[in-house]
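>>> Dropping the sequence and predicted coords here.
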Amino acid sequence: MEREKAFVIRRAIAVAKRWDLAFAILGVVCLSIALLTFMALFIDMAIKGVPRLSLDFFTSFPSRRAENAGILSAWVGSTLVMLVTAFAAVPLGVASGVYLEEYARKNWVTDVIEINVSNLAGVPSIIYGLLALGVFVYGLGLGQSVLTAGLTLALLILPIVIVATREAIRSIPVGIREAAVAVGATKWQLTRDHIVPYSMPGILTGVIIGMARAIGETAPIITIGALTFIAFLPPSPFKETPPFLSFEWLTAPFTVMPIQMFNWTSRPEEAFQLNAAAAGFVLVLMTLSMNAIAIYIRYRLRKNIKW
Amino acid sequence: MVDTVSSAPKAAAPPPHPIKAEARDFNFFYGDFQAIKKINLPVYEKKVTALIGPSGCGKSTFLRSFNRMHDLYPGNRYEGALMLYPDNTNLLHEDVDPIEVRMRIGMVFQKPNPFPKTIYENVAYGLRVRGDNNKRSLDDKVEAALKGAALWNEVKDRLNHLAFNLSGGQQQRLCIARALATEPELMLFDEPTSALDPIATASIEELIHELKKVVTILIVTHNMQQAARVSDYTAYMYIGEVIEFDETNTIFMKPKQKQTEDYITGRFG
């Protein structure tokens, strides 16, 4: 009798475990599809592009001769645009997130705002390009400049920064919040001394993930009229005479990495395809290293915060 | 009960125990739910008053009203008065800023909740919030508070270490030091030992004994032995009401209410 019972139980477990196995296999297959596709693309690009990589490639302007062409103006442009994006998106996004989480009353208006912030993250990026063309390029007269591109991409990643900020703030335990309030902290003191510092790891991670997305964006940048062929650099941000900093580069015309790639892939010559692969390889490395930095920052800052 | 308002020019003999704080017809609502029903209760100066009662009886809710913690969350409502003496301030009055209330009344929570900052900064925070940023005065006050919380000897060599590296009991004493640093008039303890082991609990209880020499204490506890050990007065609460309030000895030895007796003897609760 007992033995029979045990047998029945074992058979039931065996049947149940078959499903475990089946699902595990399904999961691995699904995961492989995504991973292998990316790996195939990346390896193909690396094989074509890596031989093309040299110091000259990074220090040369684009050229009509493929073997002389480089990505100098593209990577400088991308860097400067990212700089503007970060400086615009971080304060705006963090302040919005903090306001929504800490200051705004919880009512239907905040609910509507919350839903719309999430929706903004799903708006196709070319729509942001059109918006920027109307507002920044023509409306505010900023022209087809580094500044315009940076602000456009900042708008694009704003929802990501806001959502990351709010998530990070929400993960702060109630006890910590109450502890600060209990010694007499005002809302602002609570925000400045506790909420923002403790949510920094989450915020920075969100910012960098947003930036990693923005650096690969092409559509909005084309829409606002970035150049596809440019053989000079924006003016240097550093000067030899006081005040040593110059902001002329903000208004300079520019190009960025994905546009440079796009330009090269549309050429018929095989040599330019290799250039495109090399530029793509560099772009992917830039994105991956940004993600790596995000992981590292999160790890470093989280070390002191245990909850 | 005796009122300590100094309105009479020549008051009669001072009452044996001046009152530091008092609830007068105090009601509290979470939305539509009335959690506290018409409580009248004195808190005697430099004495320990314990609030006991079964879970959900409203003792924590009542305690947290004293420093207006419920203001943090929407839908909460107070009624009646919580008076603070000798200045006769109603803590719930609309002209009274909750920040001021919290600066005068310290609180220690159920779970140790140090900030993810250094030991020093944890204790100094209440002072910094008040605009005190003078290094020397901060140093002195931090040291005094840590001594007051019986933690100084254990941490004096590592004030710049993170508070999270302390043990649970040490963290809780750090939180007491943080509340103590600003010299509150009244200190609220919300089940301060429920997350601690027996040894850490004993040290906190001992500390409370010491603290009542300098500050009035109101403590919520789940543990009746603890109430008996640390408090001078005890209020037994049940479903939002104070069923009985008296000296702790009386409550534990010869309670007047049957219900109190049942709870204390463990027949219920």
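Nice, thanks for sending it over. Numbers count the residues shown, from 1 in each chain, chains lettered A, B, ... in the order given.
>>> In the sheet, which residues pair with the residue most central in space within chain B? Tell me.
The structure's chain B has its C-alpha centroid closest to residue B:188; by CA atoms, centre = their mean the separation is 1.2 Å. Here residue B:188 shows beta-bridge partners residue B:107, residue B:218, assigned using DSSP bridges.
>>> Might you report the residue contacts of it?
B:63-64, B:66-67, B:105-108, B:218-219 (CB atoms under 8 Å, 6 or more residues apart in numbering or on different chains). All C-beta spots, glycine's among them, are computed from the backbone N, C-alpha and C.
>>> Then residue A:195?
A:98, A:101-102, A:169, A:172, A:177.
>>> at 10 Å what do you get?
With contact set as CB atoms under 10 Å, 6 or more residues apart in numbering or on different chains, residue A:195 has these partners: A:98, A:101-102, A:165, A:168-169, A:172, A:176-177, A:180, A:187, A:189.
>>> try residue A:150
A:80-89, A:136, A:142, A:214, A:250, A:254.
>>> now it: how far from residue A:137?
Per CB to CB, to the nearest Å, residue A:150 is found 13 Å from residue A:137.
>>> and what of residue A:106?
38 Å.
>>> Likewise for residue A:30?
Distance from residue A:30 to residue A:137, by CB to CB: 43 Å.
>>> more crowded one of these two?
With neighbours defined as other CB atoms under 10 Å in any protein chain shown, residue A:30 and residue A:137 compare such that residue A:137 has more, 19 against 10.
>>> Need the phi and psi values for that one.
The phi/psi pair for residue A:137 (degrees, to the nearest 10) reads phi -70, psi -50.
>>> Just the pLDDT at it, thanks.
With respect to pLDDT, residue A:137 scores 88.
>>> got the contact list for it?
Contacts of residue A:137 by CB under 10 Å, 6+ apart are A:129, A:143-145, A:148, A:152, A:223-225.
>>> now do residue A:97
Contacts of residue A:97 (CB under 10 Å, 6+ apart): A:117, A:158, A:161-169, A:196, A:199, A:202-203, A:206.
>>> change it to 7 Å
Residue A:97 makes contact with A:162, A:165-166, A:169, according to CB atoms under 7 Å, 6 or more residues apart in numbering or on different chains.
>>> count of residues packed around the residue lying closest to residue B:181 once chain neighbours are set aside?
Leaving aside its sequence neighbours, residue B:181 sits nearest to residue B:145 (CB to CB, 6 or more residues apart in numbering or on different chains; 3.7 Å). Using other CB under 10 Å, the number of residues around residue B:145 comes to 25.
>>> Hmm, residue B:175 and residue B:145 touching each other?
No: the pair residue B:145 / residue B:175 is not scored as a contact, 10.9 Å apart, by CB atoms under 7 Å.
>>> Strand partners (parallel or antiparallel) of the host helix or strand of residue B:235?
Residue B:235 belongs to strand B:233-238 when assigned by DSSP states H and E. Note on strand B:233-238: by DSSP bridges, its sheet partners are strand B:48-52 (parallel), strand B:241-247 (antiparallel).
>>> So which of the ones you listed is the most surrounded?
strand B:48-52 (a mean of 26; mean count of other CB atoms under 10 Å in any protein chain shown).
>>> Which helix or strand lies directly C-terminal to it?
helix B:59-65.
>>> Just the residues contacting that following helix, thanks.
Outside helix B:59-65, the residues touching it (CB under 7 Å, 6+ apart) are B:28, B:35-36, B:39, B:51, B:53, B:70, B:78, B:82, B:188, B:190, B:218, B:220, B:237.
>>> I'd like those residues as JSON lines, with pLDDT appended.
JSON lines is the format used below for the contacts of helix B:59-65 (pLDDT from 0 to 100):
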{"residue": "B:28", "pLDDT": "96"}
{"residue": "B:35", "pLDDT": "94"}
{"residue": "B:36", "pLDDT": "94"}
{"residue": "B:39", "pLDDT": "94"}
{"residue": "B:51", "pLDDT": "96"}
{"residue": "B:53", "pLDDT": "92"}
{"residue": "B:70", "pLDDT": "94"}
{"residue": "B:78", "pLDDT": "94"}
{"residue": "B:82", "pLDDT": "95"}
{"residue": "B:188", "pLDDT": "96"}
{"residue": "B:190", "pLDDT": "95"}
{"residue": "B:218", "pLDDT": "96"}
{"residue": "B:220", "pLDDT": "96"}
{"residue": "B:237", "pLDDT": "95"}
